[in-house]
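1. Structural data only, the sequence is not supplied:
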């Protein structure tokens, strides 16, 4: 290794260690799964209606007792600054030689009206998957200061949806806090640290996941700390699932 490359590597490691300390301090506010948004963001207006991290059934091509796990705090609630946020969830491994089951993501408003619905096939199971709201077909996205419920389901029997494995959560879009107004939009450890300090769960999670997918050797400690802070240590070392095949989508005009 040349002297230049060696010094560059040492500098990168030093910056990474400093960033790690900043981020770990910020993530302390998610401690023990008792995450509550700070300041005027408030608390969830509802906790009923199936908002949970996951349930179980034995009718899908997955090991008995398997569940989908929504990557959210234990109270199932988080906030975002985005009109089209990203949602993360963990899927169990499929049984050997089992065809991938259909998946369905649904977003509903506070009156349980469907706003966004899409079915898809993942290329594989056994890992953390993501889905981002799209601005196609006229969907304008989440409105500020409104609460929504989202769910992701593994469809085990098309003719009996009561057999689905389902995980769900609550999300609210909030205005950008003053301390984040001038924050760069480029994902970085420093940006994740700022979002975490402000209690912006979904955005901090999605952007740290982006960094983790690109360079896990730099952000693995932060990623594991974030999931452990909300009681999700069992999936903190799981890999990401890449790619999906969209089957159909229905996004009503709003």
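-> Done, it's in. It should be emphasised that the depicted structure is a prediction, and the values quoted were computed from it without experimental measurement.

2. need the strands for this protein, in chain order.
-> 69-70, 77-80, 86-91, 102-108, 114-122, 127-132, 147-155, 165-173, 244-250 (DSSP state E).

3. for those strands, which one sits closest to residue 226?
-> Closest to residue 226 of the strands of the chain, according to C-beta to C-beta: strand 86-91, at 10.9 Å. All C-beta spots, glycine's among them, are computed from the backbone N, C-alpha and C.

4. Check what contacts the closest one and list those residues.
-> By C-beta atoms under 8 Å, 6 or more residues apart in numbering, the list of residues contacting strand 86-91 from outside reads 68-71, 105, 122, 125-133, 150, 152, 154, 167, 169, 171, 202, 205-206, 209, 235, 238, 241.

5. Can I have the buried ones of those residues as a PyMOL selection?
-> Entered in PyMOL, the line below selects the buried ones among the contacts of strand 86-91, by 16 or more other C-beta atoms under 10 Å:
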select buried, resi 68+69+70+71+105+122+125+127+128+129+130+131+133+150+152+154+167+169+171+202+205+206+209+235+241
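
6. which residues of this structure fall in helices?
-> Secondary structure of the chain (DSSP state H): helices at 3-27, 189-197, 201-214, 216-229.

7. now the shortest one: how far from the chain's centre is it?
-> Put simply, helix 189-197 sits 16 Å off its chain's centre (C-alpha atoms, centre = their mean, to the nearest Å).

8. That helix versus helix 201-214: what angle between them?
-> Note on geometry: by axes from the mean of the first three to the mean of the last three C-alpha atoms, to 10 degrees, helix 189-197 and helix 201-214 are set 150 degrees apart in direction.

9. which secondary structure elements does helix 189-197 contact?
-> With contacts taken as 3 or more C-beta pairs under 8 Å, 6 or more residues apart in numbering; DSSP states H and E, helix 189-197 sits against helix 3-27, helix 201-214, helix 216-229.

10. tell me the mean pLDDT over stretch 98-109?
-> Stretch 98-109 carries an average pLDDT of 88.

11. in that stretch, what counts as buried?
-> Neighbour-count burial for stretch 98-109 flags 100-108 (criterion: 16+ other C-beta under 10 Å).

12. Check stretch 167-182 too.
-> Of all the residues in stretch 167-182, those buried under the rule 16+ other C-beta under 10 Å are 167-174, 177, 180.

13. what's the answer for stretch 130-143, then?
-> Of all the residues in stretch 130-143, those buried under the rule 16+ other C-beta under 10 Å are 130-131, 133, 139, 141-142.

14. Between the two ends of that stretch, what distance do you get?
-> The first and last residues of stretch 130-143 sit 21 Å apart, counting by C-alpha to C-alpha, to the nearest Å.

15. what's the average pLDDT for that stretch?
-> Mean predicted lDDT for stretch 130-143 stands at 84.

16. what distance separates that stretch from the middle of the whole chain?
-> Distance, stretch centre to chain centre, for stretch 130-143: 15 Å (C-alpha atoms, centre = their mean).

17. do you know which of the strands of the chain lies nearest residue 193?
-> Closest of the strands of the chain to residue 193 is strand 77-80, at 16.8 Å (criterion: C-beta to C-beta).

18. Tell me the bridge partners for residue 166.
-> Beta bridges link residue 166 to residue 153 when assigned by DSSP bridges.
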